[in-house]
Every structure is written in structure tokens, then in C-alpha cells.
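Enquirer: Sequence first, then the predicted structure:
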Amino acid sequence: MSIELDEIKSISAEEFGALDQSKVTVLDLRESAEVLIHPIPGAVNIPFDKIYTDLDTIPKDKPVYVICRTGDWSEEVAEILQDREYEVYNVAGGFQAYRAYLEQAAPLVIDARDLRCPGPIVKVSDTIRDLPVGSRVVVEATEEAFQSDIQVWCDRTGHDLTSLTREDGIIRAAITKRDGAQPTAASAGNDKTFIVFSGDLDKTIASFILANGAASMGRKVTMFFTFWGLNILRRPEKVSIAKSFIEKMFGIMMPRGTKKLGLSRMNMGGAGSKMIRGIMKKKGILSLEELIDSARAHGVRLVACQMSMDIMGIHQEELIDGVELGGVATFIGSGEQSDISLFI
């Protein structure tokens, strides 16, 4: 790190890019409109013309790295903070230098080899989301479907697919993160809504693969579980709750949780389900339980139909965490914002 004695301490764009930003405070002096288009994830944004009124909001518990558009204003603000006994550094050249560095720096390599759908796309989305605009990544994958998936993903999220090659069974995709191409911003008018009516294991797996794939493209996904699909959301353990005789009979006859779901065909008394799960594990495909956890972690909305619950004697206490209750208006409202609604 280059430090000039008796003057403001400065670092280069390259040194700034190498920082662990979880251990520092990045103070971004650019205007809000600039930050929206060219964000620095995790940075505190205080426009230069508001710095004097908002100076006291800057925390002192971490070193402060000040950045502006070209490095002029940041040097002035760094001097003020230094006078106030902050540990402070100026990013020389500002965001212009930082962006130029990102565009010529060695790309980040994402290892998605041996992952199966939707794993590669989800991993790409999670990694790129937190990178600055202009960052470059190279994704290595071995699943055949990835060659098509990554082209569609880049097209729909607005990132640049600069090259796509295949050699020795490894598909390599070079991607550049583009301005404003935040996956969550791409969702307007492209939401997805799924009615999950079936409680079959195979159909449930397909439902959550689609949900995870859509979420990785920044789409808002609502899964509306009704009738037999409610069994997917049941807790695997028995929940002590007062029920009528009919409700108890329903509870006994229906599968409790994902581990009890059978196949729609060739279930063979449960042997088929075990075979499918075994094959998925052998081939590195996420289990249904892992797919559900991934969907929840990526903001997929799980809605249980209240009317169906009443009919089938399922109580809210019996459902897994994170499930909302809703009715027909909830589904219709979600469907009207979606370009795809599927009945599964």
C-alpha cells in the first residue's frame, strides 16, 4: 500500500480492488444517479454536496476508504476525516480508475463443474450480484445444458457474454457485468407464478428447479400450494395440535413432508422415490430439500392456500418456516404481474 508521508494516505485502484470490503467502510461521494448505474456493493453513499451535514454518520470502527468520480473530492474529504481522527485513505483516480482496473484485471473464475441444473446458473447469479459493474468472470461448467442456459441468462439479465467455448468437456463462459444489469432490476413484468397442485416427488422437484432458475434471473417467483401440494410444506415431525376426527384421518393418510412424497409413476411402494433420490445424489443434483432451501434463500415466495388447508385439516403450525397463507386473490394478483403461470 503506497502512503505519502505527512499527507493524505492514498491507495491505487488495484489496491482498492484487493480489499476485503467487509472489514472497511467505503465512502462513495458520487451522486445517487451515478451510484445507481455504477454501484459499489456495500459502500456508504453520501454525495459530496451533503458531506458536511452527514459527516457524523460515518462510522469510526473501521478504516474509511473515500472514493469519488475522479479522486479530487475524495482527497478533500479524506483530509477532513483525518483531522477528525479517522483512519482514512483516498482512492487515487476515483471510480474512473477503479472501473478501468476492473476491465483489465484478471477475471474471477467461477467453478461450476459437476454442478447440475439449476446449480450452475444459481452460482453465477450469486457471484455476479455482489461484484462491481465492469467486473469480469469466467465460468467453467460441465453440464451440457449450461451452454444454452448461460446465453439466455446473460440475454435476459443484461450482462455481456463475451465468449463461450468448449474444450475437453469443459464449457467456459466469459461474462462482463454491465451497467444497471442487476438481476433484481430485470424482473418488472417478468414475474413467475406456479400453482403446485400435485404432491408427487418428481413434479415437486421440477417445480423447485424452475423456481430456482427463475430466481437466479432476478424474477419474482410465487409458488401457490393447494390441495395435495400442501403436503410438500408439512413439517416432517409430528406437531401436537387439537384436530377433529376427520382432520386426524386426513393427516394419517397423507404424506408428512418432502421425505414421504412418492413418484407420480413407478413409485413401487416407495422404492421408486428412493431410487430417484439415490440417482440425484450420485449425479450431484441438489436434493428436493436443498432445492427448497435454495428457493427460500433466493426470495421465492411460498404461499399455502388457506381454503385447501381448511378442507384437508392442515394447520399453520404444521407448515415449515417461511410459508405465507393466501387465497385466490393472492394467486390472481401474482398471476397478473407474471408473464408465465404454470399449473403443476
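Expert: Sure, I can see it.
Enquirer: mind checking how far the closest residue to G93 other than its chain neighbours is from E14?
Expert: Using Cβ to Cβ, 6 or more residues apart in numbering and skipping residues adjacent in sequence, the residue nearest G93 is G71, 4.8 Å away. Heads up, the C-betas are built off the backbone N, CA and C, glycines and all. Using Cβ to Cβ, to the nearest Å, G71 is found at 14 Å from E14.
Enquirer: more crowded one of those two?
Expert: Ranked by neighbour count (other Cβ atoms under 10 Å), G71 and E14 place G71 first, with 21 against 13.
Enquirer: What residues does the more buried one make contact with?
Expert: G71 makes contact with N90, V91, A92, G93, G94, A97, according to Cβ atoms under 8 Å, 6 or more residues apart in numbering.
Enquirer: quick check, D111 in a helix?
Expert: No - when DSSP: H, G, I helix; E, B strand; the rest coil is applied, D111 is found to be strand, with no helix at that position.
Enquirer: Would you mind naming the residues that bridge with it?
Expert: E140 (DSSP bridges).
Enquirer: Number of residues surrounding it?
Expert: For D111, using other Cβ under 10 Å, the count is 12.
Enquirer: what's the spacing between it and A141?
Expert: 9 Å.
Enquirer: what do you get for G257?
Expert: For G257, the distance to A141 (Cβ to Cβ) stands at 32 Å.
Enquirer: who's more crowded, these two?
Expert: Set G257 next to A141 and count neighbours by other Cβ under 10 Å: A141 wins out with 27 against 16.
Enquirer: Can you tell me how far that one is from D130?
Expert: To D130, A141 is 20 Å away according to Cβ to Cβ.
Enquirer: do G218 as well
Expert: 14 Å.
Enquirer: Compare these two (neighbour count), which wins?
Expert: The neighbour count for G218 versus D130, taken as other Cβ under 10 Å, is higher for G218 (23 against 10).
Enquirer: Can you tell me the closest non-neighbouring residue to S163?
Expert: Sequence neighbours aside, A174 is the residue nearest to S163 in space, at 4.3 Å (criterion: Cβ to Cβ, 6+ apart).
Enquirer: low pLDDT regions in the stretch 151-300 of the chain?
Expert: Along the stretch 151-300 of the chain, segments meeting pLDDT under 70 span 180-188.
Enquirer: Just the helices from it, written as ranges.
Expert: 201-216, 245-253, 271-282, 288-297 (DSSP state H, counting those that start in this stretch).
Enquirer: ok, and which of the ones you listed has the densest surroundings?
Expert: helix 201-216 (a mean of 22; mean count of other Cβ atoms under 10 Å).
Enquirer: Show me what that one is packed against.
Expert: Here helix 201-216 touches helix 119-129, strand 191-196, strand 221-225, helix 271-282, helix 288-297, going by 3 or more Cβ pairs under 8 Å, 6 or more residues apart in numbering; DSSP states H and E.
Enquirer: Out of these, flag the one nearest E317.
Expert: In terms of Cβ to Cβ, the element of those nearest to E317 is strand 221-225, at 16.1 Å.
Enquirer: ok so, going back, counting only strands, which of the contacts of G71 make the cut?
Expert: Among these, DSSP state E puts N90, V91 in strands.
Enquirer: any chance of the contacts of G71 in JSON lines, plus pLDDT, distance to T226 and neighbour count?
Expert: Shown next, in JSON lines, are the contacts of G71 (pLDDT from 0 to 100; distance: Cβ to Cβ, whole Å; neighbours: other Cβ atoms under 10 Å):
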{"residue": "N90", "pLDDT": "93", "distance to T226": "58", "neighbour count": "29"}
{"residue": "V91", "pLDDT": "93", "distance to T226": "54", "neighbour count": "28"}
{"residue": "A92", "pLDDT": "92", "distance to T226": "59", "neighbour count": "20"}
{"residue": "G93", "pLDDT": "92", "distance to T226": "57", "neighbour count": "22"}
{"residue": "G94", "pLDDT": "91", "distance to T226": "54", "neighbour count": "24"}
{"residue": "A97", "pLDDT": "91", "distance to T226": "55", "neighbour count": "18"}
